[in-house]
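# Model the following, please.
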Amino acid sequence: MKPLLFALTFAPALALAQMPTLTLEQLPRPTMPPGERGPVVPAQVERWRQEAKALEYGDGMKRDEVAAARLYCRAARYGDAEAQYSLGWMLTNARGIQRNDAEAAHMFAAAAEQGMAQAQNILDRMGGTPLGDPPPCLRPPETDPEPVVAPKPPPRGAKPAVSLWASLPLPQHAPPAIVNYVKLLAPEYQLSPALVLALMAAESNFDPTAESPKKAMGLMQLMPDTATRFRVTRITDPAQNIRGGMAYLRWLLAYFEGDVMLALAGYNAGERAVDRYLGVPPYAETRLYVRKIMAAVGGQRIHPFDANVTQASPMLTRVKAQMQVIQAR
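Residues are numbered from 1 along each chain as shown. From the prediction side, this is the model:
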């Protein structure tokens with residue numbers, strides 16, 4: 001081979017061999033996107049995910065995995081399961097960003113909890129339930145109100161007042177028989193009828209035969225385990241179903257010290273999910289559910305509760321401690 005031809009043939013390969021290569025640890029880690037301003041609607045979340053996908057694959061724009069990861073992160077915090085899955089995949093495969101299996105496991109878990117089978121399959125291969133606190137991309141967004149400070153509990157034996165809730169309108173399409181029954185029963189459970197009926201409207205739209213794909217049943221959409229927990233023997237009986245749902249709601253209000261938003265999130269997703277995610281879980285269904293009921297009750301955030309029902313969630317102490325640290329800075 002002639003010397004010049006040798007140089008032309010092998011020079012690019014030699015230059016490439018001499019170029020430094022990035023290790024997994026040297027790949028960039030995307031920073032958290034800035035907090036949002038104002039309410040975020042589902043259409044905006046979908047646009048973030050679509051733009052992230054285009055950036056990840058270079059579809060119609062310059063490929064930029066770091067920018068894609070940031071947008072997936074924004075959408076993941078608002079409950080987009082596809083964004084959670086995609087960010088988990090990027091973190092597992094070091095797709096342009098640093099690998100982080102721990103954070104990826106949390107992402108796959110959040111997507112799996114929303115019904116994404118492929119996320120559950122990957123999570124199972126990774127060893128199951130992720131350990132530790134969820135990463136920032138699954139924490140409640142800054143637009144979520146902070147947990148409320150519990151009001152001073154009433155004297156032992158006294159029934160908490162619900163006068164602040166008394167003026168709220170009741171759902172106009174609620175059947176009179178159900179409204180009357182809830183009004184009669186609510187004082188026993190120390191609940192506002194407006195809150196119970198708003199929850200019932202979101203759960204079953206007042207259909208006593210309603211059954212969800214997850215086997216939640218009746219007016220209050222009780223799961224079989226919840227029914228057993230609150231001594232409901234016939235879940236399909238409307239009276240027992242309402243009593244069971246009210247007992248659970250009363251328990252949740254005590255557990256979250258009267259914080260209506262957290263109690264509603266617990267009713268939909270389970271109190272353990274609220275504890276784990278330090279607020280409303282990153283599930284699209286739960287976030288929409290909470291928004292809908294909060295709007296129906298005029299945004300009333302605090303409801304009286306009976307502290308004797310159960311001990312408060314340990315998550316509240318952690319979140320309030322974090323708030324104090326932030327405010328002290």
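
# SS state for the residue nearest to Gly35 when sequence neighbours are not counted?
Using Cβ to Cβ, 6 or more residues apart in numbering and skipping residues adjacent in sequence, the residue nearest Gly35 is Glu142, 3.4 Å away. C-beta here means a position set from N, CA and C on the backbone, and glycine is covered the same way. Here Glu142 is coil, with the state taken from DSSP: H, G, I helix; E, B strand; the rest coil.

# ok, so what distance separates Glu142 from Pro39?
12 Å (Cβ to Cβ, to the nearest Å).

# Those two: which has the busier surroundings?
Ranked by neighbour count (other Cβ atoms under 10 Å), Glu142 and Pro39 place Glu142 first, with 11 against 8.

# Quick check, that one in contact with Pro33.
No. Applying Cβ atoms under 8 Å as the test, Glu142 and Pro33 come out as separate, 10.4 Å apart.

# separation between the residue nearest to Gly35 and Ala227?
Using Cβ to Cβ, we find Glu142 at a distance of 37 Å from Ala227.

# likewise Cys137?
Distance, Cys137 to Ala227, using Cβ to Cβ: 35 Å.

# Can you pick out the residue with more neighbours from these two?
More crowded of Cys137 and Ala227, by other Cβ under 10 Å: Cys137, with 26 against 23.

# Look up how far Pro33 lies from the more buried one.
Taken as Cβ to Cβ, the span from Cys137 to Pro33 is 9 Å.

# cool, and Ser204?
For Ser204, the distance to Pro33 (Cβ to Cβ) stands at 37 Å.

# Who has more neighbours out of the two?
Using other Cβ under 10 Å as the criterion, Ser204 and Pro33 rank with Ser204 on top: 21 against 17.

# Do I have it right that that one meets Glu211?
No. At 9.2 Å, Ser204 does not count as touching Glu211 under the criterion of Cβ under 8 Å.

# Which segments of the protein make up each domain?
23-136, 165-317 (automatic domain parsing).

# among these, which gets the worst mean confidence?
Ranked on mean pLDDT, the bottom entry among the domains of the chain is domain 23-136, at a mean of 91.

# who's in contact with the closest residue to Leu262 other than its chain neighbours?
With Cβ to Cβ, 6+ apart as the criterion, Leu262 has its nearest non-adjacent residue at 4.0 Å, and that residue is Phe256. The neighbours of Phe256, taking Cβ atoms under 8 Å, 6 or more residues apart in numbering as the test, are 147, 262-263, 266, 271, 274, 312-313, 316.

# tell me the contacts of the spatially most central residue of the chain?
For the chain, the residue sitting closest to the mean C-alpha position, by Cα atoms, centre = their mean, is Pro281 at 1.6 Å. Shown in contact with Pro281 (Cβ under 8 Å, 6+ apart): 79, 110, 113, 265, 269, 273-274.

# Who wins on neighbours among those residues?
With neighbours taken as other Cβ under 10 Å, the top of the contacts of Pro281 is Ala110, carrying 33 neighbours.

# Give me the next element, helix or strand, following the strand or helix carrying it.
In the assignment (DSSP states H and E), Ala110 maps to helix 101-113. Under the assignment DSSP H and E, the closest C-terminal helix or strand after helix 101-113 is helix 117-126.

# Next, the angle from that following helix to helix 101-113.
Interaxial angle, helix 117-126 versus helix 101-113 (axes from the mean of the first three to the mean of the last three Cα atoms, to 10 degrees): 140 degrees.

# same for helix 117-126, what does it pack against?
When contacts are defined as 3 or more Cβ pairs under 8 Å, 6 or more residues apart in numbering; DSSP states H and E, helix 117-126 packs onto helix 81-93, helix 101-113.

# Buried residues, that helix. List them.
119, 122-123, 126 (16 or more other Cβ atoms under 10 Å).

# Return the member of those nearest to Glu103.
Met126 (11.6 Å; Cβ to Cβ).

# Could you list which residues are in contact with the closest one?
Residues in contact with Met126 (Cβ under 8 Å, 6+ apart) are 101, 104-105, 108.
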